[in-house]
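Novice: Okay, predicted coordinates and the sequence, questions at the end:
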Amino acid sequence: MSSEFYEVLSTYQWDEVKSSIYAKTAADVESALNSTSPSLEDFKALISPAAATYLEPMARLSHTLTQQRFGKTMQLYIPLYLSNACANGCVYCGFNHANDIKRITLNKEQVLQEIQVIKEMGYEHLLLVTGEHPAQCGFNYLSEMLELVKPYFSLVSIEVQPMDQEHYEKLIPQGLNSVYVYQETYNSQRYPEYHPRGKKANFKYRLHTPDRLGRAGIHKMGLGCLLGLEDWRTDSFFTALHLNYLEKTYWKSKYSISFPRLRPHAGSFQPNVVVGDKDLAQLIMAYRIFNHDVELSLSTREYPVFRDNMMKLGITAMSAGSKTEPGGYAVYTQALEQFLIADDRSSDEIQQVIAANGYEPVWKDWDTCMQ
């Protein structure tokens, strides 16, 4: 198994990186804002406490850069939760194996019922989501589901358990376009406290998933850390470091960054770090200034006012009308959600809001269609 990114990661010390971020000055922030090709050190400055007084110039620059690269468009996608079966013990997740909840894995007939409702909403980009349970919703199950849903959508992505390179190589010809896999935290010393059991407890295997995806030739991969576990600035720097490494190593693939903040769920875990709206806005704008081309995605975890405001400040993809429980669109109405959504507006309502802001909702990824 390759350890390429781990070799990069191991040259950094968490505490040293954190200290360097918090030591950045106003002069560092101004230098980053004036840079035509921002570096990782510039990114540190943009996410530092010193940048908190520069949110307005950051917003203007982020807005300009986003329109230059993406135009006035917003990609729309919707998640379809196939299963909440999970063999992991992630302390922050409602699907935790130890939680006493009803476990549901949709069969083909049920998935088709879900698809019917989703298609009526107008979606062409489907994100398949499962818990991490190799026996109940592993490679064979995902392969069957990809074959089932692909005829109905122009773009299919997955957010499931990490797999081996050969599995991705088999799924890509079946219609797999994108894979989203979040490291949750890059703090290797604290990682085991959040992931005490299951395959996800293997820090390196999860860390190397994007390497396996890159070697398999995936069209797009998504990265992110779970905001609220550790210091958000430090974790976000390591996410940017990972992105930087991947873009240079697997330059044929495209990349996406997501910003999941901890939300209420089954269980009693409380965030270790509070990430406020201003913090998250600063982070999103910092990413856009640092990387002009990366897709920045915001889910229904966030409240309507925040999502509406971020439409013009760096975000390029959004979900809408989402259900985070298996069968939530048509089959079941009382299944357990992975987390409570904050924006429960319908896809039609979101489309109207996007248009009212002067943007065009995009249901189909034309870049993918023209390959």
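Specialist: Looks like it arrived, so ask away.
Novice: Setting aside sequence neighbours, what's the nearest residue to the residue positioned nearest the centre of the chain?
Specialist: Residue closest to the average C-alpha location in the chain (Cα atoms, centre = their mean): S258, at 3.2 Å. The shortest distance from S258 to any non-neighbouring residue, by Cβ to Cβ, 6 or more residues apart in numbering, is to G224 (4.1 Å). Glycine gets a C-beta too; all of them are placed from N, C-alpha and C.
Novice: Give me the phi and psi for the one you found.
Specialist: Here is the backbone geometry of G224 (degrees, to the nearest 10): phi 170, psi 160.
Novice: Can you verify my assumption that it contacts S236?
Specialist: No - using Cβ atoms under 8 Å, G224 is not in contact with S236; the gap is 9.2 Å.
Novice: Y180 is in contact with the residue nearest to the centre of the chain, correct?
Specialist: Yes - if you go by Cβ under 8 Å, S258 and Y180 touch, sitting 6.7 Å apart.
Novice: what sits in contact with each of these two?
Specialist: Shared contacts of S258 and Y180, defined by Cβ atoms under 8 Å, 6 or more residues apart in numbering, comprise G222, G224.
Novice: Report the distance from stretch 69-79 to the chain centre.
Specialist: Stretch 69-79 sits 14 Å away from the centroid of its parent chain (Cα atoms, centre = their mean, to the nearest Å).
Novice: Could you number the chain from 25 rather than 1 from now on?
Specialist: Sounds good: first residue 25 from here, last item stretch 93-103.
Novice: gap between N226 and H219?
Specialist: Computed as Cβ to Cβ, to the nearest Å, the N226 to H219 distance reads 9 Å.
Novice: hang on, I meant E349
Specialist: 22 Å.
Novice: check which helix or strand covers V180.
Specialist: strand 179-183 (DSSP states H and E).
Novice: What count of nearby residues applies to the residue nearest to S282?
Specialist: If you count neighbours by other Cβ atoms under 10 Å, G248 ends up with 21.
Novice: swap in E171?
Specialist: 13.
Novice: ok, and the closest non-adjacent residue to it?
Specialist: Closest to E171 by Cβ to Cβ, 6+ apart is Q198, at 5.9 Å.
Novice: so what's T129 up against?
Specialist: L106, S107, N108, A109, T154, Q160, C161, Y165, P350.
Novice: How about it, nearest residue that isn't a chain neighbour?
Specialist: What sits nearest to T129 in space, not counting adjacent residues and going by Cβ to Cβ, 6+ apart, is S107, at 3.9 Å.
Novice: pretty sure the one you found is touching P158, no?
Specialist: No - S107 is beyond contact range of P158, at 11.6 Å (criterion: Cβ under 8 Å).
Novice: measure V203 to P350 for me?
Specialist: Taking Cβ to Cβ, one finds V203 at 20 Å from P350.
Novice: who has more neighbours, those two?
Specialist: P350 (31 against 26).
Novice: next one: the longest strand seen in the chain to chain centre, how far?
Specialist: Scanning the chain for the strand with the most residues, using DSSP state E, yields strand 97-107. Centre-to-centre, strand 97-107 and its host chain are 11 Å apart (Cα atoms, centre = their mean).
Novice: now the angle between strand 179-183 and that strand, please.
Specialist: 50 degrees (axes from the mean of the first three to the mean of the last three Cα atoms, to 10 degrees).
Novice: List the buried residues for strand 97-107?
Specialist: Using 16 or more other Cβ atoms under 10 Å as the test for burial, strand 97-107 gives M98, Q99, L100, Y101, I102, P103, L104, Y105, L106, S107.
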